[in-house]
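Student: Sharing a model prediction with you, sequence too.
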Amino acid sequence: GAVVSQHPSRVICKSGTSVKIECRSLDFQATTMFWYRQFPKKSLMLMATSNEGSKATYEQGVEKDKFLINHASLTLSTLTVTSAHPEDSSFYICSASRPGTRKETQYFGPGTRLLVL
Amino acid sequence: AQSVTQPDIHITVSEGASLELRCNYSYGATPYLFWYVQSPGQGLQLLLKYFSGDTLVQGIKGFEAEFKRSQSSFNLRKPSVHWSDAAEYFCAVGARSNMLTFGGGTRLMVKP
């Protein structure tokens, strides 16, 4: 149980375009999802916390207008990188916390590798 | 503010040897502690977690970790490493705000 998927697994796009990444909890309803960014050979940096039906909470230094998060249902959160630039190239990982368990226990998706040319 | 330090960036062990990965944390209250493993290009898999109770925690794949409050540590151990254990390991501390703060990671390499 506690499976989280992401789509796409990798994406290449041109500079200036927007890219949407989906995060789905497959076998549970996730009231809270998290979006992380991981640079090569680095740790994970929390970008934002997404709560179903409300606005996402962004971490300091993360541009909310650039990284749009929508948590429209209990099983789906999306991250849209708007007007992507090469410096946005990274590995983006989502996670979800499962109802009935402590929210600090997060189940992670397999990640999405974004390359902006 | 909470923080996590993993002092060893790389560790290499021989297959069959024992393993200990170090993790030190800084947090003002009783922490929730986690160990995750990440294979190349993959997401993170939860190995084990500590919330309260017995300070020696058993996890999946034969891993265990011991919470030592006096040393602010939560070291991960395995008695006999397998080649498939080669991966990146992350220690994390959770707070009431539901955030996870990750350490910098330790890359484990296993020699045949």
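Tutor: Happy to help now that I have it.

Student: Show me the helices in chain B, by range?
Tutor: Per DSSP state H, chain B carries no helices over any range.

Student: So which residues on chain B come close to chain A?
Tutor: By CB under 8 Å from any CB of the partner chain, the residues of chain B that approach chain A are B:32, B:34, B:36, B:41-46, B:49, B:51, B:90, B:94-95, B:98-105. Where you see a C-beta, it was placed from the backbone N, CA and C, and this is true even at glycine.

Student: Mark which of those residues are buried, thanks.
Tutor: The neighbour-count test (16 or more other CB atoms under 10 Å in any protein chain shown) marks B:32, B:34, B:36, B:42-46, B:49, B:90, B:94-95, B:98-105 as buried among those.

Student: Cross these against strands and list the overlap.
Tutor: B:32, B:34, B:36, B:44-46, B:49, B:90, B:94, B:100-102 (DSSP state E).

Student: Is A:Lys61 within a helix or a strand, and which one?
Tutor: Quick fix: residue A:61 reads Gly, not Lys. Following DSSP states H and E, there is no helix or strand that holds A:Gly61.

Student: Which residues outside the worst-scoring helix or strand of chain B on mean pLDDT are in contact with it?
Tutor: Within chain B, confidence by mean pLDDT, DSSP states H and E is lowest for strand B:100-102 among all helices and strands, at a mean of 87. With CB atoms under 8 Å, 6 or more residues apart in numbering or on different chains as the test, strand B:100-102 has contacts from A:34, A:43-44, A:46, A:104, A:106, B:2-4, B:34, B:36, B:90-95.

Student: Partner strands of it and their direction?
Tutor: Applying DSSP bridges, strand B:100-102 is found paired with strand B:87-94 (antiparallel).

Student: can you give me the angle the partner strand makes with strand B:44-50?
Tutor: 50 degrees (axes from the mean of the first three to the mean of the last three CA atoms, to 10 degrees).

Student: so how far is B:Glu88 from B:Ala65?
Tutor: Per CB to CB, to the nearest Å, B:Ala65 is found 16 Å from B:Glu88.

Student: More neighbours: the two, which one.
Tutor: B:Ala65 (26 against 19; other CB atoms under 10 Å in any protein chain shown).

Student: B:Tyr50 is in contact with that one, correct?
Tutor: Yes. B:Ala65 lies in contact with B:Tyr50 (CB atoms under 8 Å); the separation is 6.8 Å.
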